[in-house]
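Chemist: My questions are about this predicted structure, shown below with the sequence.
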Amino acid sequence: MEEKLIKEIPKKSDNLAQWYIEIIKRAELADYAPMKGMMVIRPSGYAIWENIQRLLDKKFKETGHTNAYFPLFIPESLLHKEAEHVKGFAPEVAWVAYGGSEKLQEKLAVRPTSESIICAMYSKWVHSWRDLPILINQWANVVRWEKVTRPFLRTTEFLWQEGHTVHANYEDAQKEALTILDIYKDFIEKELAIKVYTGEKSEREKFAGALHTYTVEALMPDGKALQAGTSHNLGQNFAKAFDIKFEDRNQSLKYAWQTSWGVSTRLIGASIMVHGDDEGLIIPPRVAPYQVVIVPIFKMKDRSTVIEEGEKLYNELKNSYRIIFDSREEYTPGWKFSDWEMRGVPLRIEIGPRDIKENSLILVRRDTRKKIKIKREAILDKTSLLLNEIQKELFLKSKKFTEENTRYPKDYEEMKELLKTKKGFVAVPWCNNEECELKVKEETKATIRFFPMEEEDVSGKKCVVCGKPAHRIAYFARSY
RNA sequence: CGGGGCGUGGCUCAGCCUGGUUAGAGCGCCUGCUUCGGGAGCAGGAGGCCGGUGGUUCGAAUCCACUCGCCCCGACCA
């Protein structure tokens, strides 16, 4: 039992990076495509994404957003309209220069994000204050020519949603950006069971062309932070560049205020890393492709009875849960146990002659791997109860880890020591000076991940690096 | 993009240093029988232009050059 069953995969605790890519391949979430930096999201991985889409999309709709779809290609001239934006994305844009054998008059960028093409359309659609707000989201793929790639965490092409909204004033845009930030936090904590911090990005780290960038940051088991989602108040930067103007109630012409925000398939990567263990994946019940697996156990003479009872059980549960009945005969029960554990199915039901005779069932939680014997008739209640408990406890575990690895050093020396030995987040008073930020980066490789949303009182406190009066609390960490 | 490592059946690898008939193992896969409450057993079987290109040689998985891909560690990013 204590012996490691998954062969050929390093222990998560020994080598997170290796474990991560091996488990993705073994659990068939994704596979490497024959092009550099690209992957195929296989059915098991895509099912998680579909669950993420379904749950998030519902929240977007509830808050007044609608979906649309904009083109994959962006003419070079459009991409260049907002100066900061181009500068930020230029190194990682893929270009189309030919249509068939004809050289194009103007190169087309494969969208690295869609601000420019969407803003070009918005400038046609926005005329009056009555046209506002525009609250559009799109589910799409984008391409960024990254140098270093990792499945789900950073690939050349990835799937995401990007919301793009237009408002009549700063306050409305700001409110939108923060509403979305809350949706992201709530979603990641409740559905993906990952503890996150929310905060604002520093000038250096903010989105190219944004006024404010807000972020949702999660801590991975190796102590590195992962940006799990971002929400930007774009101010009027894009409106000015793309000429998005409207006439307000007082008949004066105003530039519009905008936001954009997104989360990507990176969330799947975060979930894999945060919850998995040496036996494989642990997928939070709320997004698991299969929430329950039924494994029948039988000797040949019991076969038909057990299969029959198993099917009955399956039929009872199939309308309430995503469930699979693994009646394959070419594998032994023990093999199936390990296989489904590796694939991260949160709950397993074992049914065999003994259970049928005793009118009972064995349930096994993926996270604790504890066997629980229950009355046959309690199965609906118990399934619901256990899935909820697993979901909750996965989050509590993530929360505990994140909080235990968030530290408050007294001075710069201690901060450097913590970043070197313990990793995780360090929260320190900060002067808002980029020089100090760069110094920390140089000496510790850590960057400012965010300034927390809940403003802390820093009066009388001094910047941990330079000793000048502090403006805010900053959370530093090494990051993905 | 710099430093390091690795490419040999589906997977993990041996063979390479010191070139020489038919390229090996374990796992997986296929067939059959027996099994089945934590990765079952036996018997038989299929599957490989040794990442690619070029060179050296009578002869290359093995030596040389180039190239592509993947992983790890650093500089940039969801």
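Modeler: All right, it came through fine.

Chemist: For the stretch 201-350 of chain A, which residue gets nearest to RNA strand B?
Modeler: A:Gly334 (2.6 Å; CB to the nearest atom of the strand). Yep, even glycine has a C-beta here, placed from its N, CA and C like the rest.

Chemist: Quick one: mean pLDDT for the helix or strand that that residue is a member of?
Modeler: For A:Gly334, the host element (DSSP states H and E) is helix A:333-342. The average of the pLDDT scores along helix A:333-342 is 94.

Chemist: hmm, the next helix or strand after it in reach of RNA strand B?
Modeler: Under the assignment DSSP H and E, the closest C-terminal helix or strand after helix A:333-342 is strand A:347-351. Yes - using CB under 7 Å from any atom of the strand, strand A:347-351 reaches RNA strand B at A:Glu350, A:Ile351.

Chemist: Centre of the chain to strand A:347-351, how far?
Modeler: The chain centre lies 29 Å from the centre of strand A:347-351; the measure is CA atoms, centre = their mean, to the nearest Å.

Chemist: for stretch A:453-462, same thing?
Modeler: If you compare the mean C-alpha spot of stretch A:453-462 with that of the full chain, they lie 29 Å apart, counting by CA atoms, centre = their mean.

Chemist: mind checking the end-to-end distance for that stretch?
Modeler: Distance between the boundary residues of stretch A:453-462 (CA to CA, to the nearest Å) amounts to 20 Å.

Chemist: Please identify the buried residues of it?
Modeler: A:Val458, A:Lys461, A:Lys462 (16 or more other CB atoms under 10 Å).

Chemist: Give the other helices and strands that the helix holding A:Gly334 contacts.
Modeler: Under the contact criterion of 3 or more CB pairs under 8 Å, 6 or more residues apart in numbering; DSSP states H and E, the helices and strands touching helix A:333-342 comprise strand A:292-296, strand A:347-351.

Chemist: List the contacts of A:Thr254.
Modeler: Let me fix one detail, which is that residue A:254 is Lys and not Thr. A:Lys254 makes contacts with A:Ala168, A:Lys245, A:Phe246, A:Glu247, A:Asp248, as judged by CB atoms under 8 Å, 6 or more residues apart in numbering.

Chemist: The third one should be in a strand, yeah?
Modeler: By that I understand A:Phe246. Yes - secondary structure of A:Phe246 (DSSP: H, G, I helix; E, B strand; the rest coil): part of a strand.

Chemist: Test my guess that it contacts A:Ser128.
Modeler: Yes - the pair formed by A:Phe246 and A:Ser128 meets the contact definition of CB atoms under 8 Å, at 5.6 Å.

Chemist: So for these two, which residue has more residues nearby?
Modeler: Using other CB atoms under 10 Å as the criterion, A:Phe246 and A:Ser128 rank with A:Phe246 on top: 19 against 11.

Chemist: A:Ala109 should be in a strand, yeah?
Modeler: Yes - with the criterion set as three-state DSSP, the secondary structure at A:Ala109 is a strand.

Chemist: Return the residues in contact with it.
Modeler: Under the criterion of CB under 8 Å, 6+ apart, the contact partners of A:Ala109 comprise A:Phe73, A:Ile74, A:Pro75, A:Glu76, A:Leu79, A:Val93, A:Ala94, A:Trp95, A:Val96.

Chemist: and if you look at A:Lys124?
Modeler: With contacts defined as CB under 8 Å, 6+ apart, A:Lys124 has no neighbours.

Chemist: now swap in the one 4 residues further on and tell me
Modeler: With contact taken as CB under 8 Å, 6+ apart, A:Ser128 is in contact with A:Phe246, A:Glu247.

Chemist: Can you tell me how far the residue of the stretch 201-350 of chain A closest to RNA strand B is from A:Ser304?
Modeler: Here A:Gly334 is placed at a distance of 22 Å from A:Ser304 (CB to CB, to the nearest Å).

Chemist: and A:Gly70, how many neighbours?
Modeler: Check again: residue A:70 is Phe, not Gly. Counted by other CB under 10 Å, the residues lying close to A:Phe70 total 17.

Chemist: how about it, secondary structure?
Modeler: Following three-state DSSP, we place A:Phe70 in the coil state.

Chemist: what do you get for A:Pro284?
Modeler: In three-state terms, and counting by three-state DSSP, A:Pro284 is coil.

Chemist: gap between the closest residue to it other than its chain neighbours and A:Phe395?
Modeler: Nearest in space to A:Pro284, with sequence neighbours left out and distances taken as CB to CB, 6 or more residues apart in numbering, is A:Ala193 at 4.3 Å. Separation of A:Ala193 from A:Phe395 (CB to CB) stands at 4 Å.

Chemist: For the stretch 201-350 of chain A, what lies in contact range of RNA strand B?
Modeler: Checking the stretch 201-350 of chain A against RNA strand B by CB under 7 Å from any atom of the strand, the hits are A:207, A:227-228, A:230, A:262, A:264-266, A:279, A:297-300, A:303, A:329-339, A:341-342, A:350.

Chemist: Which residue ranges of the stretch 151-300 of chain A form strands?
Modeler: With DSSP state E, counting those that start in this stretch, the ranges of strands along the stretch 151-300 of chain A come out as A:157-167, A:196-200, A:212-219, A:225-235, A:245-247, A:253-255, A:257-264, A:292-296.

Chemist: Touching, A:Tyr214 and A:Ile183? I think so.
Modeler: No - between A:Tyr214 and A:Ile183 there is no contact under CB under 8 Å: 11.6 Å.

Chemist: Domain boundaries for chain A, per the record?
Modeler: Under the assignment automatic domain parsing, the domains of chain A span A:16-275, A:292-398, A:406-477.

Chemist: where are the low-confidence patches of the stretch 151-300 of chain A?
Modeler: Applying pLDDT under 70 to the stretch 151-300 of chain A flags no residue at all.

Chemist: Quickly check: stretch A:150-165 near RNA strand B or not.
Modeler: Yes - shown here: stretch A:150-165 in contact with RNA strand B (CB under 7 Å from any atom of the strand) through A:Arg150, A:Pro151, A:Leu153, A:Arg154, A:Thr155, A:Thr156, A:Phe158, A:Trp160.

Chemist: The nearest residue to A:Thr156 once chain neighbours are set aside: neighbouring residues, count only.
Modeler: Nearest in space to A:Thr156, with sequence neighbours left out and distances taken as CB to CB, 6+ apart, is A:Gly37 at 3.8 Å. Using other CB under 10 Å, A:Gly37 is surrounded by 19 other residues.

Chemist: Need the three-state assignment for A:Gly37.
Modeler: When the rule is three-state DSSP, A:Gly37 gets the label coil.

Chemist: I'd guessed it sits against A:Arg150; true?
Modeler: No - judged on CB under 8 Å, A:Gly37 makes no contact with A:Arg150 at a distance of 9.2 Å.

Chemist: Tell me how many other residues surround the closest residue in space to A:Gly344 that isn't next to it in sequence.
Modeler: Setting aside the residues directly before and after it, A:Gly344 is nearest to A:Leu281 in space (CB to CB, 6+ apart), at 2.9 Å. For A:Leu281, the count of nearby residues is 24 (other CB under 10 Å).

Chemist: Tell me which helix or strand comes right after the helix ranked longest in chain A.
Modeler: When chain A is parsed with DSSP state H, its longest helix is helix A:379-404. Read in the C-terminal direction, the helix or strand following helix A:379-404 is strand A:406-407, with elements assigned using DSSP H and E.

Chemist: Packing partners of that next one?
Modeler: For strand A:406-407, where contacts count as 3+ CB pairs under 8 Å, 6+ apart, the packed elements are strand A:425-430.
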